[in-house]
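Colleague: coordinates for the following, if possible.
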Amino acid sequence: MLYLTQRVETPAQATASVTLPIDVRVKSRIKVTLNDGRQAGLLLPRGLLLRGGDILSNENGSEFIEVIAADEAVSVVRCADPFMLAKACYHLGNRPRAATDYARRAALSSRSRPGRYAAPVWPGRGFRASAV
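Modeller: Have a look, this model is predicted:
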């Protein structure tokens, strides 16, 4: 099995790629399957967030694997009142889901169960939710 132990800061030609959702890109120790079917283990420093386009390498630098961010469902929520939107993002942020707050809209990751947390919050409170 190939063990990927470091993120390469200098550009390198990738020899393979791996497509990962955000749930996996935040982990430092996990077994993954490369896009060519090979098994690999991520043994990265803790706290490292992988982003699409990052290049990973094994210990001796003979393999370079490009990280591809998997497409994921996202819900966009809009509200005319920024305070109410911030309040909703605060409550949703206490749950296992990513939320990004913008001026009058928020983007919510729907990776676990679409609408599980968002749906009960929106009706009757001035929110409009839509899937992207």
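Colleague: what residues are up against the nearest residue to A80 once chain neighbours are set aside?
Modeller: In space, and not counting its chain neighbours, A80 is closest to G126: 6.2 Å by Cβ to Cβ, 6 or more residues apart in numbering. C-betas here are computed from N, CA, C, even on glycine. By Cβ atoms under 8 Å, 6 or more residues apart in numbering, G126 lies in contact with 79-81, 84.
Colleague: which of those residues fall in strands?
Modeller: C79 (DSSP state E).
Colleague: between which two of the contacts of G126 is the distance greatest?
Modeller: Pairwise distances across the contacts of G126 peak at 8.3 Å for A80 and M84 (criterion: Cβ to Cβ).
Colleague: those two - which one has more neighbours?
Modeller: Neighbours were counted for A80 and for M84 using other Cβ atoms under 10 Å; M84 has more, 13 against 10.
Colleague: how much space between the more buried one and R7?
Modeller: Relative to R7, M84 is positioned 39 Å away (Cβ to Cβ, to the nearest Å).
Colleague: got the domain ranges for the chain?
Modeller: In terms of domains, the chain is parsed into 2-69, 74-131 (source: automatic domain parsing).
Colleague: hey, least reliable of the ones you listed by pLDDT?
Modeller: Among those, domain 74-131 has the lowest mean pLDDT, at a mean of 63.
Colleague: can you get me the start-to-end distance on that domain?
Modeller: 6 Å (Cα to Cα, to the nearest Å).
Colleague: could you number the chain from 458 rather than 1 from now on?
Modeller: Noted, 458 is the first residue going forward, which turns the last one into domain 531-588.
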